[in-house]
Each structure stands twice: as C-alpha cells, then as structure tokens.
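Visitor: okay, here's the prediction I keep looking at, along with the sequence it came from:
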Amino acid sequence: MFKFIGRLFGANKVEPVQEIVRSSFDSNQIKYNPDLIRELEDDHKQLVADFGKIWSEGFEKKDYAKTNRLITNFKGAFQAHLLAENIKFYVYLEQTLKGDPENLHVVKEFRLDMNKIARAATNFCKRYQVQFTTRHVEQFENDYKKVGKVLTQRITLEEESLYVLYKPR
C-alpha cells in the first residue's frame, strides 16, 4: 500500500514485527534515514486520500459494505504508519535530543498526543468495522468529521513543527 511499508518489509517478503524491531535496534541506536521524512509525508498524503475515500466512495454513496472495507484498509495503513513513525522517527529523536531538554520535552508531548489521536482513530475504525445499523448511519458523519479534523490538524502540525527536528546527529 505504501512504498515505505514495502521497503520496510521487503518487496515480496513480510518479516515478523519482532524482526523489524530487533533489526532497528542493532547497536542500540536508530540510524538517521535521509528519506524518512519524505516517506512519512508520502504516507500522510495517502492516509488523507484513503480517509477521504471512506466518505466519497463508501458512505456518501450509501455503500456501507464498501465503507467498512475502506475503513479496514485505512486502519491497517494508519497502524503501519504509526509503527514506522514510532520506531524510526520518535525513538531517533528521543535518543538524539537527550542533551536538549526543551526540544526533547516537545517531542515527548507530541508522541503522547499522537498516541491519544491514534486511539481515537482506531476506536472510530473499530466502531464502524461492523454491519451498519440505522444508529451507525446516524452517528457516522459526526464521528467521521471529528476524526478527520484531528488527523489533518495533527499531520499539519507534525510536518510543520516536528519534522524539522529530524536531522543527522
């Protein structure tokens, strides 16, 4: 789905998550990746597009089975992005900013906030990964707009304020 995920897991081979984590921590350091920010931003663009499709290709057309499939796809891509971001980005920043308590505090706050947003988005996905009832249809638009607003604000904030801290050290 994402080029980054393909590179992370290999073209045709999917490694267990434990192997990815273990190889990421070789020599107890996450290495700087000059392509990481571009890859994360590409993920963001794809996530926003996928989230939009939930509405335009599924819910708006009252195709609730497709809405469900699109939510499932979005959730998987979102979780894969979070895994990559947590391992490759946040851990790197936390290890390299140890001597900069102000920026380290900002990074840790971002990470905590992102975990809350991730839970909210995941809960949204779980809530609507079911056969839609009248109640689901009535609540969906409001829930969708809330999650969409939080995600887009967060992406903008990350890209404009946090990603600038990612530098070789």
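Guide: Received it, and whenever you're ready, just let me know what you need.
Visitor: what about Glu138, neighbour count?
Guide: Here the number of neighbours of Glu138 (other Cβ atoms under 10 Å) works out to 9. Placement of C-beta: from N, CA and C, glycine included.
Visitor: which element is it on?
Guide: Per DSSP states H and E: Glu138 is located in helix 134-157.
Visitor: and that helix, average pLDDT?
Guide: If you average the pLDDT over helix 134-157, you get 96.
Visitor: tell me the buried residues in it?
Guide: Neighbour-count burial for helix 134-157, counted by 16 or more other Cβ atoms under 10 Å, picks out His136, Phe140, Tyr144, Val147, Gly148, Val150, Leu151, Arg154, Ile155.
Visitor: who's in contact with that helix?
Guide: The contact list for helix 134-157 (Cβ atoms under 8 Å, 6 or more residues apart in numbering) reads 44, 47-48, 51, 54-55, 59, 64, 67, 110, 113-114, 117, 120-121, 124, 127-128, 130, 132.
Visitor: rewinding a little: quick check, nearest of the buried residues of helix 134-157 to Asn103?
Guide: Arg154 (18.6 Å; Cβ to Cβ).
Visitor: and the closest one, how far is that from Lys66?
Guide: Distance check for Arg154 against Lys66: by Cβ to Cβ, to the nearest Å, it reads 26 Å.
Visitor: so what does the helix of greatest length in the chain touch, helix or strand wise?
Guide: Ranked by residue count, the top helix of the chain under DSSP state H comes out as helix 101-128. Contacts defined by 3 or more Cβ pairs under 8 Å, 6 or more residues apart in numbering; DSSP states H and E place helix 101-128 against helix 64-84, helix 91-96, helix 134-157.
Visitor: so Gln46 is in which element?
Guide: Here Gln46 sits within helix 36-53, counting by DSSP H and E.
Visitor: compute the inter-axis angle for that helix and helix 134-157.
Guide: Following axes from the mean of the first three to the mean of the last three Cα atoms, to 10 degrees, one obtains 150 degrees for the angle between helix 36-53 and helix 134-157.
Visitor: and helix 36-53, how far out from the chain middle?
Guide: Centroid separation for helix 36-53 versus its chain: 8 Å, with Cα atoms, centre = their mean, to the nearest Å.
Visitor: now stretch 149-167
Guide: A distance of 12 Å separates the centroid of the chain from that of stretch 149-167, by Cα atoms, centre = their mean.
Visitor: when you give positions from now on, start the count at 11
Guide: Sure, I'll start counting at 11 from here, so that last one is stretch 159-177.
Visitor: span of that stretch from start to end?
Guide: Terminal residues of stretch 159-177 lie 29 Å apart, using Cα to Cα, to the nearest Å.
Visitor: before I go, just wanted to say thanks for your time.
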